[in-house]
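J.: how does the following fold in three dimensions:
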Amino acid sequence: MSEHSSNRLVTYFELVLVALSLLVFVGPASSIELNLSGDQFWIVLGSRQDPDQAIAVARRFIRLKPLVVKSANGWLAVITGPNLVKKGERQKFIQTFAKENFTPSDGYLTKGASFKEVLWSTPASPVLASAEYDGERDVTFKSEDFEIKLSKRAINNEEAIATAKAIYKGKPAFEMEMPEDNPSEKPASAISLVRLDPNSPAPQVVFTYYWIGAHCCTVTKIATLGANGWSIIDGETLDGDGYWFEPSSDNSFSYLLKADNAFLYTFDSYAGSIAPTRIMKLTGIKIEDVTKQPQFYRRNLQDLYSIEDIAKGNDDDWHSNGYLAGWVAASALVGQEREAWTKMLASYDHDSDFGPEECSVDKKIGDCPEANRIKLAFPWALRDFLVKGGYLDNKDDYPAPVKYEHPSPPTNNSQPASAPSQLQTCINVSDAVKKLVYEIFLGRGIRPNERYSSVTLQDDVTLEAFDSAIQKATCAVTYELNLRPVVGHLAENGEMYRARSLNLLIRRNGPDLSHRIKYTVKPTSSGSYIEILP
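T.: Numbers count the residues shown, from 1 in each chain. Down below sits the predicted model:
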């Protein structure tokens, strides 16, 4: 069944901006009757054989409160309902439901005769109580020993900021105000009581304000009670609805989850960007990132499957840098970064207009003249981006276009020194090209004092194209590679995974490889960027 929605943006929102749940397996639920009768029907949103893949589908449509159920044939169905469907209106119902909820258009109705048990269900919301303020009429909220007044404070003649003033167990507790950066005539806001810190004697008060803008933003403040009284914590300003909550495995507290907003607009448009999920925990007065802790492996795996589900039926996603960036990051969270990196290198968009830039003169990018701005090659930029974001540990382990501070002159190359300057640009980086070929086959960057003499270049360097506007040369050359010494070197250094992979390649193709490749050379203020083209 195809899960791809033609509306990429809404599918993404479904993935990251609604309240999701942690992996919870449950036995047969006596309160849920799976075998329906009369005009009652389940809608099947997808079917999978793997439990984590099935739960990943359910997470995409969590607002519909889906179930994952086991069928008689062993498959796992993701269903929602029951739904009342009148006779003769089934097809119309499915079409309308899919359009309104952005679910798969090939979903279907069933009475569930083959459903045997519930494997996973959407848990109840961890929010204990909540209230909303419309920005006009004050609201007084009372719950869990709290009395909180939601109001506003004027900062000029027309605009105001949202405020919250709390009494706890009959005594003044705390006051919160939203920043003055984004005031509004009607600063609508909301509060929720959620137990985020299991060591606090009281639930936390989560105060949110959405300032209207293109795709943005929700400001969050959290009031928490500790040994020294009440503290106010500033959460991140996040896209859309901001944080959402997931219960811990024992339901004693909840985690704060967020979409990693750093991915939005960095490598593609907003609609074309995918942001992996980060899991946060409130401890005392600190919000800590716990995404990489071992207990969240399956949660992260399900997030990866959800991202991959978006691309089902749409091969273009695998050539979208915005999609690939998020997918490689999500893969890294479950230890699949090397395989993902290899696939990314083979399929990314070389001509995208998006991506980080650097200045070819000694200026910050914000002050750099347009003519001196150079867009960084996607793999090189992505590698640094993921290391900075904590997804990759060591950038040297991932082959990508490499920045060489001092390009080496050609060695053992028969091209005359009087070769045209544009062609000479291709020749001057021959040593760098050999390094890059070696890195690609190694699956990591070259380490200090590591030899790459197993790669040789023929004397057939040619200039394929030259962009005079940015002085970019497109070159071609034939390389030869002897894999046997490479495998031996890896085995000697204990890199058995890489050694086995290349040994399989030798078995299929022999130890000697030869191929003509294209590469580009872009000048920068400190050297050149060299990128091998697919």
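J.: point out where the protein drops to low pLDDT.
T.: Along the chain, segments meeting pLDDT under 70 span 1-31, 212-216, 395-420, 497, 508, 526.
J.: what domains does the record give for it?
T.: If you go by automatic domain parsing, the domain ranges for the chain are 25-121, 129-297, 399-534.
J.: now the ones you listed in JSON lines, with distance to residue 340 and mean neighbour count?
T.: All C-beta atoms are positioned from the backbone trio N, CA, C, and that covers glycine. Listed next are those as JSON lines, based on distance: least, Cβ to Cβ, whole Å; neighbours: other Cβ atoms under 10 Å:
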{"stretch": "domain 25-121", "distance to residue 340": "16", "mean neighbour count": "17"}
{"stretch": "domain 129-297", "distance to residue 340": "12", "mean neighbour count": "17"}
{"stretch": "domain 399-534", "distance to residue 340": "12", "mean neighbour count": "16"}
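J.: between those domains, which one is closest to residue 345.
T.: domain 399-534 (7.2 Å; Cβ to Cβ).
J.: residue 202 should be in a strand, yeah?
T.: No. Under DSSP: H, G, I helix; E, B strand; the rest coil, residue 202 sits outside any strand and is assigned coil.
J.: could you dump the domains of the chain to JSON lines with distance to residue 328?
T.: Output for the domains of the chain, formatted as JSON lines (distance: least, Cβ to Cβ, whole Å):
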{"stretch": "domain 25-121", "distance to residue 328": "17"}
{"stretch": "domain 129-297", "distance to residue 328": "9"}
{"stretch": "domain 399-534", "distance to residue 328": "11"}
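J.: which element is residue 251 on?
T.: Assigned by DSSP states H and E, residue 251 belongs to no helix or strand.
J.: show me the contacts for it.
T.: Residues counted as contacts of residue 251 (Cβ atoms under 8 Å, 6 or more residues apart in numbering) are 123, 126.
J.: ok, now how distant is it from residue 270?
T.: Distance check for residue 251 against residue 270: by Cβ to Cβ, to the nearest Å, it reads 35 Å.
J.: what does residue 86 give?
T.: Applying Cβ to Cβ, the value for residue 86 to residue 270 is 40 Å.
J.: again with residue 513
T.: The gap separating residue 513 from residue 270 is 42 Å, by Cβ to Cβ.
J.: just to check, residue 478 is in contact with residue 455?
T.: No. With contact defined as Cβ atoms under 8 Å, residue 478 does not count as touching residue 455 (11.5 Å).
J.: you'd agree residue 383 is up against residue 391?
T.: No. If you go by Cβ under 8 Å, residue 383 and residue 391 don't touch, sitting 10.0 Å apart.
J.: with adjacent residues omitted, what lies nearest to residue 204?
T.: Excluding the flanking residues, the one nearest residue 204 by Cβ to Cβ, 6 or more residues apart in numbering is residue 196, at 4.5 Å.
J.: just how off-centre is stretch 49-66 within its chain?
T.: Distance of stretch 49-66 from its chain centroid, counting by Cα atoms, centre = their mean, to the nearest Å, is 18 Å.
J.: end-to-end on that stretch?
T.: Across its full length, stretch 49-66 reaches 17 Å between end residues, using Cα to Cα, to the nearest Å.
J.: check stretch 442-460 too.
T.: Terminal residues of stretch 442-460 lie 25 Å apart, using Cα to Cα.
J.: and it, how far out from the chain's middle?
T.: Distance, stretch centre to chain centre, for stretch 442-460: 32 Å (Cα atoms, centre = their mean).
J.: equivalent analysis for stretch 175-186, please.
T.: Stretch 175-186 has its C-alpha centroid displaced from the chain centroid by 30 Å (Cα atoms, centre = their mean).
J.: stretch 482-501 now?
T.: Here stretch 482-501 is found 32 Å from its chain centre; the criterion is Cα atoms, centre = their mean.
J.: ditto for stretch 76-94
T.: The chain centre lies 32 Å from the centre of stretch 76-94; the measure is Cα atoms, centre = their mean.
J.: then stretch 113-123?
T.: Centroid separation for stretch 113-123 versus its chain: 29 Å, with Cα atoms, centre = their mean.
J.: perfect, that will be all.
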